[in-house]
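Trainee: Pasted the sequence and its predicted model underneath.
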Amino acid sequence: GEDVEQSLFLSVREGDSSVINCTYTDSSSTYLYWYKQEPGAGLQLLTYIFSNMDMKQDQRLTVLLNKKDKHLSLRIADTQTGDSAIYFCAESIKGGSYIPTFGRGTSLIVHP
Amino acid sequence: NAGVTQTPKFRILKIGQSMTLQCAQDMNHNYMYWYRQDPGMGLKLIYYSVGAGITDKGEVPNGYNVSRSTTEDFPLRLELAAPSQTSVYFCASSLGQGAHEQYFGPGTRLTVT
């Protein structure tokens, strides 16, 4: 079955890089997602990666995938106070319903 | 487009009361979903629908019911509210199978006392 684990909290200084980590358990063909939730709002998709990729970059965001260890990370370069939010890792199975299974979320706090 | 809308934003219920959480989307999406989010936890899928007239249970369906009479609307019904249903409820939609992005509504914060 699917299980997604991530650390609960991360605190960084403004301007530093943030790295949020996630592990997943299903080795089937998989899509992996990063969603962002700002206070009082719903989730918003940041990026996704298919399990046959190692890396995906989109402006300040870099996603790295280690398939052997089933480890996914999201790096935010030049972190800003507006990046403070909860970041959810999620996984879905290709060929299934594609409904994602979410981790518990990592609360990123950016301080000046 | 308004995207995914949910009403109400907040609600307090007494134990045993009933209510319907409304969800609508104007993106002509086939798939719609209901999640609950408890503090410090991820999202748990309650019910989902792959099209009008079709609904299916998710991970935590007990105590809830849904209907999907139109593509746009996907209401969630609580028949006999219990304190364990205190949570934030999110509705989401997506274009269809293989379409990766789920679009979320702003959520309904429900307290049952």
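Mentor: Thanks, I have the structure now.

Trainee: Near chain B, which residues of chain A are found?
Mentor: Counting by Cβ under 8 Å from any Cβ of the partner chain, the residues of chain A close to chain B are A:4, A:8, A:31, A:33, A:40-45, A:48, A:88, A:97-100, A:102-105. C-betas here are computed from N, CA, C, even on glycine.

Trainee: ok, 6 Å please
Mentor: Proximity of chain A to chain B, by Cβ under 6 Å from any Cβ of the partner chain, involves residues A:41-43, A:45, A:48, A:98, A:102-104.

Trainee: chain center to stretch B:74-86, what's the gap?
Mentor: Centroid displacement of stretch B:74-86 relative to its chain, using Cα atoms, centre = their mean, to the nearest Å, is 10 Å.

Trainee: follow-up on the earlier one: determine which two of the residues of chain A next to chain B are furthest apart.
Mentor: A:41 and A:98 (23.2 Å; Cβ to Cβ).

Trainee: The two: who's more crowded?
Mentor: For residue A:41 versus residue A:98, the count of surrounding residues by other Cβ atoms under 10 Å in any protein chain shown is larger for residue A:98: 17 against 14.

Trainee: Do you know the pLDDT at the spatially most central residue of chain B?
Mentor: Note on chain B: the residue nearest the mean C-alpha position is residue B:34, at 3.0 Å, using Cα atoms, centre = their mean. Looking at residue B:34, its pLDDT stands at 97.

Trainee: That one reaches residue B:75, doesn't it?
Mentor: No - between residue B:34 and residue B:75 there is no contact, the gap being 9.2 Å when judged by Cβ atoms under 6 Å.

Trainee: Between the residues of chain A next to chain B, identify the one with the most neighbours.
Mentor: Ranked by the number of neighbours (other Cβ under 10 Å), the residues of chain A next to chain B place residue A:43 first, at 28 neighbours.

Trainee: Report how many residues lie close to the nearest residue to residue B:77 once chain neighbours are set aside.
Mentor: Nearest residue to residue B:77 in three dimensions, chain neighbours excluded: residue B:65, at 4.4 Å (Cβ to Cβ, 6 or more residues apart in numbering or on different chains). Other residues near residue B:65 number 14, with proximity taken as other Cβ under 10 Å.

Trainee: do residue B:70 as well
Mentor: Other residues near residue B:70 come to 10 when the count uses other Cβ under 10 Å.

Trainee: what residues are up against the residue nearest to it when sequence neighbours are not counted?
Mentor: Beyond its immediate neighbours in the sequence, the residue positioned closest to residue B:70 (Cβ to Cβ, 6+ apart) is residue B:52, lying 5.8 Å away. Contacts of residue B:52 were listed using Cβ atoms under 6 Å, 6 or more residues apart in numbering or on different chains, and they are B:68, B:70-71.

Trainee: Which single residue in chain B comes nearest to chain A?
Mentor: Proximity to chain A, evaluated over chain B using Cβ to the nearest Cβ, is greatest for residue B:104 at 3.0 Å.

Trainee: So that residue is in contact with residue A:43, correct?
Mentor: Yes - applying Cβ under 6 Å, one finds residue B:104 in contact with residue A:43, separated by 4.7 Å.

Trainee: Let me see the ranges of the strands in chain B.
Mentor: Per DSSP state E, chain B carries strands over the ranges B:4-7, B:10-13, B:19-25, B:31-37, B:43-51, B:54-57, B:64-66, B:76-78, B:87-94, B:103-104, B:108-112.

Trainee: Right, I'll call it a day here.
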